[in-house]
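Trainee: need a 3D model of the sequence below.
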Amino acid sequence: MKIIIVGCGRIEHADALAAVTSNDEVNALTARVAREIFSVPRVVARSKNPQNAWLFTPKMGVDVALNQAELMASLVVEEISMVKEERSGKDIGSA
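Mentor: Numbering: from 1, shown residues only. Coordinates of the predicted model:
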């Protein structure tokens, strides 16, 4: 896989692009330009604000949308579940 830093140019030769700035609008526009102008085959984009999720769809040029709020929420739920499992395992083992 070729990794190309967009600031250096040659995006038209990239295998993939990750638009992961802290600005949703910049990420959405970067993704769309990469797909539609430069035909980048794989586009991943990050969104911070869940209200902007509609910008990060295949129709808008995004193959994989990473919603920061959803990712963090799922990690928190996973960690809480692991703690519950560990505690229930200790209770069973000490009986």
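Trainee: look up how far residue 50 lies from residue 30.
Mentor: Distance, residue 30 to residue 50, using Cβ to Cβ, to the nearest Å: 19 Å. Yep, even glycine has a C-beta here, placed from its N, CA and C like the rest.
Trainee: neighbour count winner among the two?
Mentor: residue 30 (21 against 11; other Cβ atoms under 10 Å).
Trainee: what is the burial count for residue 37?
Mentor: With neighbours defined by other Cβ under 10 Å, the count for residue 37 comes to 11.
Trainee: one more: the one 10 residues further on?
Mentor: The local packing count at residue 47 equals 25, with neighbours defined by other Cβ under 10 Å.
Trainee: same check, this time on residue 55
Mentor: When neighbours are counted by other Cβ under 10 Å, residue 55 registers 20.
Trainee: I'd say it and residue 26 touch.
Mentor: No. Here residue 55 lies out of contact with residue 26, judged by Cβ atoms under 8 Å, at a distance of 10.9 Å.
Trainee: what are the ranges of the helices in this protein?
Mentor: Assigned by DSSP state H, the chain shows helices spanning 24-36, 68-94.
Trainee: lowest-confidence helix or strand of this structure?
Mentor: Lowest on mean pLDDT, DSSP states H and E among the helices and strands of the chain sits helix 68-94, with a mean of 79.
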